[in-house]
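> What follows is a predicted protein model with its sequence.
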Amino acid sequence: MTNLRRTVLADAAIGLLADTGMRGLTHRAVDGAAGLATGTTSAYFRTRKALLTALVHRLVELDQAELQAAGERAPVPRDAAELTDGISAFIRMRLEGEGRRRSLARYACVVESAHHAELREILLPRENAAREIVRAFLTARGVSDVERRTLTLLACIDGLVFDRLLAGDGDVPKREVRGLVAAALREPDID
């Protein structure tokens, strides 16, 4: 029951953070969002730091499960158009419904992690099946420095999600995604 209760509280904290921002994330507000008695959150997470750490761990757990499942369902794209479609679907997933709420919470935590190294450690990108698909696609095309290009492409995708959230626009910028995929495939000019 304890782990289940911690998960319920962390999920409520993610939703609350997405809806109200960092200033709205209080123990009492999480109690209310979770529909639990006042004091429940502070009984499980004594400090704000403990609550925030649990929230970030849960956020990463949910994101990793989603990325792992997406990667396991999808074959390695046959061409740049298929990769563009797959990335566009991923961006859409991060801009709609619960994906949007988690994205908002994630970026609030990223900003907070600038002041808390322990949060940065939790938020560091991790291996998953979706990342492996991008890496395999680039490898199959003979791209040099596959690891760096994979990380750069994924960071740019993250930037597109962030940009669309700031714009309040759920539109997937497919043209930009196509450009990022093309850039990842292009060999750099050598002077």
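Happy to help now that I have it.
> any idea how far the residue nearest to residue 113 when sequence neighbours are not counted lies from residue 56?
In space, not counting the residues next to it along the chain, residue 113 is nearest to residue 119; the distance is 3.8 Å by Cβ to Cβ, 6 or more residues apart in numbering. In short, each C-beta sits where N, CA and C put it, glycine included. Going from residue 119 to residue 56 by Cβ to Cβ, to the nearest Å gives 5 Å.
> again with residue 97
Counting by Cβ to Cβ, the gap between residue 97 and residue 56 amounts to 21 Å.
> of these two, who's got more company?
residue 56 (27 against 10; other Cβ atoms under 10 Å).
> Surely the more buried one is in contact with residue 121?
No: using Cβ atoms under 8 Å, residue 56 and residue 121 do not qualify as a contacting pair, with a distance of 9.6 Å.
> For the helix or strand containing residue 181, buried residues please.
Under the criterion of DSSP states H and E, residue 181 resides in helix 174-185. Using 16 or more other Cβ atoms under 10 Å as the burial criterion, the residues of helix 174-185 that qualify are 176, 177, 178, 180, 181, 184, 185.
> Name the nearest residue to the first one, sequence neighbours excluded.
Read that as residue 176. Using Cβ to Cβ, 6+ apart and skipping residues adjacent in sequence, the residue nearest residue 176 is residue 160, 6.1 Å away.
> Okay then, goodbye and thanks.
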